[in-house]
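1. Take a look and give me a structure for this.
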Amino acid sequence: MNINYSLSRVKPIALFVGSLLLTGCAVGPDYQAPSVPMAEAYLYSTTDNAIKQDYWWHEFHDETLNQLVADAQQQNIPLKLAAQRIKMANSYRTVVESFKVPSISVGAGYVNYQLSKNDSLLGPALNPLGSSVSGLPDSVSGMTLLDNQHDGGFVAASIAWELDLFGRIDRQSNAAEIRVEQAQIYQSGLTTLITADLVHNYLQLRGAQQRYQLLEANVADQQKTLDLVRKVVRAGYGSDLDIAQAESMLAATESLLPQLEIAQQVHKQRLSMLLGEPLTQIDIRVANAQPLPELTGVIPVGLPSDLLQRRPDIRMAEREMAAVNEELAASVANRYPKFFLTGAPGLSAGSFDDLFSSDSFGWVGSVGVSWNVFDGGRGKAAVDINQARFDSALLSYQHAVDSAFTEVDSLLFTYGKSQENQQRLNRALASAEKALGKAESLYQAGLIDHVSVLDAQRQKRMMEDRQIVARLQTAQVTIGLHKALGGDWSLAREETSATETNDSE
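-> Purely as a prediction, here's the structure:
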């Protein structure tokens, strides 16, 4: 049952509404950010508690990489879509906030009409040439003395305003504001994902290029080995088994070349998608193969409590709780009466010339109340739905926090082990280089043949390849760790800050 009162006695209702304005207050639960117990440090942290640098990829000291990141953040299509989402959220907030203020509409009209002389009732009375119709009142028959044209005009305005006594519109406006914040957080998180993906593919491309060059050198060495083995066999100091083994090793090494070519093409294609550029442009950008850049310095991971403000997924989950809480409060307020103030001042006259005279002004005002006394439980069900949504948002927030801490600790452990692996491979490569030096010395002394030297070279290049693979694994873990630690990676923020600084100067 919907009760809608339009009251003509304004003064008593005005006093009643005034008292409600003084005593009315917002209903529904007030939001409180959740408190999360956490450790003082990460379980596998081996660095200090300094705050992590946002633009960490600069530590690679690779200008090509830095330019690719800057261009991707400007050109990436999903990031442009995220910016449009912020615009839509801002527009929606404006729509919701517009209900806080009175709405005013203005209308005007002009009327021109003529009575029909052929009308069965009034036609003879209006026709000056026709005879008077018997039985018509004098007032009607006298219309023959009047002009049969009538012009009129009016200008009217209407004012409507809902008195938000219980905070329903305020709560909806708060929720809309939080949705804007969520759109901004989404854009920040997407910037992190896009940037991390670009850095990963760029490093993998450089690693594949370096491994390809190393593999070509290894193929050349094994071809020399095969040629020497064939000469030795022709000289009667070997067998066909030696030739077959050398040929098999060369073929196995050559089979890796197409795989690395595929890897390079895949990473180029991914860079093309991230940058929104054709593949030919990417080929130009990375035409000159460069060594795999190596990250310098340590990774400052900060404190565990920093994650709550730096991780986009945690911030998004917390803002979802806040938004749903406001929507819950709005659904509670929706069960209370709604009060309206309406008014309609206007000008009206029978002649357009008199339209704007003081005697043509008129107005009407009213106060109304609308209250769903009985709705079959619909209002309570809406409250229960939003309460369940809030409880679900709380659980999602707790899950996001737990997952974030687990992810960071796991990546810190992996990062430490990858560092150990790389250090061991560095020692193995140093030993392989030492063995090659001794083999070359022995060969110059005539104590071993050239095949042994080539084999030592092959061992050295094999260790170099394993070292590159280990560095790529470390780089992948490093990217994942920086992504897990969060932060704002948007270069536009840095440009905005620089512009504000220049403007202040």
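2. Helices of the stretch 401-505 of the chain, start to end?
-> In chain order, the stretch 401-505 of the chain shows helices spanning 450-485, 491-504, with DSSP state H, counting those that start in this stretch as the criterion.
3. Mean pLDDT lowest where, among these?
-> Here the lowest mean pLDDT among those goes to helix 491-504, at a mean of 54.
4. quick one: which helix or strand includes Ser370?
-> With elements delineated by DSSP states H and E, Ser370 resides in strand 365-372, which encompasses its position.
5. any idea of the mean pLDDT in that strand?
-> Averaging pLDDT residue by residue across strand 365-372 gives 82.
6. could you dump it to PDB, C-alpha only?
-> In PDB, the C-alpha atoms belonging to strand 365-372 read as follows (Å, rounded to 0.1, in the frame of the first residue of the first chain):
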ATOM      1  CA  GLY A 365       2.800  25.200  -3.400                       C
ATOM      2  CA  SER A 366       2.400  21.900  -1.600                       C
ATOM      3  CA  VAL A 367       4.100  19.600   0.900                       C
ATOM      4  CA  GLY A 368       3.700  15.800   0.400                       C
ATOM      5  CA  VAL A 369       4.700  12.600   2.100                       C
ATOM      6  CA  SER A 370       5.000   9.100   0.700                       C
ATOM      7  CA  TRP A 371       5.400   6.000   2.800                       C
ATOM      8  CA  ASN A 372       5.100   2.400   1.900                       C
END
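7. before we move on, the earlier item: most tightly packed of the helices of the stretch 401-505 of the chain?
-> By mean neighbour count, with neighbours taken as mean count of other CB atoms under 10 Å, helix 450-485 ranks first of the helices of the stretch 401-505 of the chain at a mean of 19. C-beta: built from backbone N, CA, C; applies to glycine.
8. Helix or strand, whichever it is, which one in this protein has the lowest mean pLDDT?
-> Lowest mean confidence among the helices and strands of the chain (mean pLDDT, DSSP states H and E): strand 2-7, at a mean of 39.
9. so which of the helices of the stretch 401-505 of the chain gets nearest Leu193?
-> The closest of the helices of the stretch 401-505 of the chain to Leu193 is helix 450-485. By CB to CB, the value is 7.5 Å.
10. Give me the distance from that closest one to the chain's centre.
-> Distance of helix 450-485 from its chain centroid, counting by CA atoms, centre = their mean, to the nearest Å, is 36 Å.
11. and if you look at stretch 304-323?
-> Between the mean C-alpha location of stretch 304-323 and the chain-wide mean there is a distance of 14 Å, by CA atoms, centre = their mean.
12. Now do the same for the nearest residue to Trp57 once chain neighbours are set aside: its pLDDT.
-> Closest residue in space to Trp57, ignoring its immediate chain neighbours: Val199 at 5.2 Å, by CB to CB, 6 or more residues apart in numbering. Per-residue confidence at Val199 stands at 96 (pLDDT).
13. Which residues are in contact with Val199?
-> In this structure, Val199 makes contact with Trp57, Leu65, Val69, Ile479, judged by CB atoms under 8 Å, 6 or more residues apart in numbering.
14. where does the stretch 201-350 of the chain dip in pLDDT?
-> Residues of the stretch 201-350 of the chain meeting the criterion pLDDT under 70: 297, 346-350.
15. make it 90
-> Per-residue confidence for the stretch 201-350 of the chain (pLDDT under 90) gives these ranges: 218, 221-222, 224-243, 245-247, 249-250, 252-253, 287-309, 334, 338-350.
16. For it, which segments are assigned as strands?
-> Using DSSP state E, counting those that start in this stretch, the strands of the stretch 201-350 of the chain run over 338-343, 346-349.
17. now Leu43: how far from Arg378?
-> Spatial separation of Leu43 from Arg378 under the definition CB to CB, to the nearest Å is 50 Å.
18. on that earlier part again, parallel or antiparallel, list what pairs with the strand holding Ser370.
-> As defined by DSSP bridges, the strand partners of strand 365-372 come to strand 2-7 (antiparallel), strand 338-343 (antiparallel).
19. quick check, distance from the last one to the centre of its chain.
-> Using CA atoms, centre = their mean, the distance from the centre of strand 338-343 to the centre of the chain it belongs to is 40 Å.
20. Go through it and flag the buried ones.
-> Neighbour-count burial for strand 338-343 flags Lys338, Phe339, Phe340, Leu341, Thr342, Gly343 (criterion: 16 or more other CB atoms under 10 Å).
21. Can you lay out those as JSON lines showing distance to Asn426?
-> Written out in JSON lines, the entries for these read as follows (distance: CB to CB, whole Å):
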{"residue": "Lys338", "distance to Asn426": "74"}
{"residue": "Phe339", "distance to Asn426": "77"}
{"residue": "Phe340", "distance to Asn426": "78"}
{"residue": "Leu341", "distance to Asn426": "79"}
{"residue": "Thr342", "distance to Asn426": "81"}
{"residue": "Gly343", "distance to Asn426": "83"}
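22. out of these, which one sits closest to Ala428?
-> Proximity of these to Ala428, judged by CB to CB, is greatest for Lys338, which lies at 77.7 Å.
23. give the contact list for the closest one.
-> Glu162, Arg168, Val369, Ser370, Trp371.
24. redo that, cut-off 7 Å
-> When the contact criterion is CB atoms under 7 Å, 6 or more residues apart in numbering, the partners of Lys338 are Glu162, Val369, Ser370.
25. Turn the residues you listed into a markdown table, including neighbour count.
-> Shown next, in a markdown table, are the contacts of Lys338 (neighbours: other CB atoms under 10 Å):
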| residue | neighbour count |
| --- | --- |
| Glu162 | 18 |
| Val369 | 18 |
| Ser370 | 13 |
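26. rewinding a little: list just the nearest of the buried residues of strand 338-343 to Leu491.
-> With CB to CB as the yardstick, the closest approach to Leu491 among these comes from Lys338, at 47.9 Å.
27. Tell me the bridge partners for that closest one.
-> Applying DSSP bridges to Lys338, the residues it is bridged with are Ser370.
28. With the one 5 residues further on instead?
-> Gly343 has these beta-bridge partners by DSSP bridges: Ile159, Gly365.
29. how far away is it from Trp161?
-> Summarising the geometry, the distance separating Gly343 from Trp161, computed by CB to CB, is 9 Å.
30. what does Glu326 give?
-> To Trp161, Glu326 is 22 Å away according to CB to CB.
31. If you count surrounding residues, which of those two has more?
-> In this comparison of Glu326 against Trp161, neighbours counted by other CB atoms under 10 Å, the higher total goes to Glu326 at 27 against 16.
32. want to throw the contacts of Val199 into CSV with distance to Pro102?
-> Rendered in CSV, the data for these read as follows (distance: CB to CB, whole Å):
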residue, distance to Pro102
Trp57, 53
Leu65, 56
Val69, 49
Ile479, 54
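33. from the residues you listed, which single one is nearest Gly28?
-> Closest approach between the contacts of Val199 and Gly28, by CB to CB: Ile479, at 43.5 Å.
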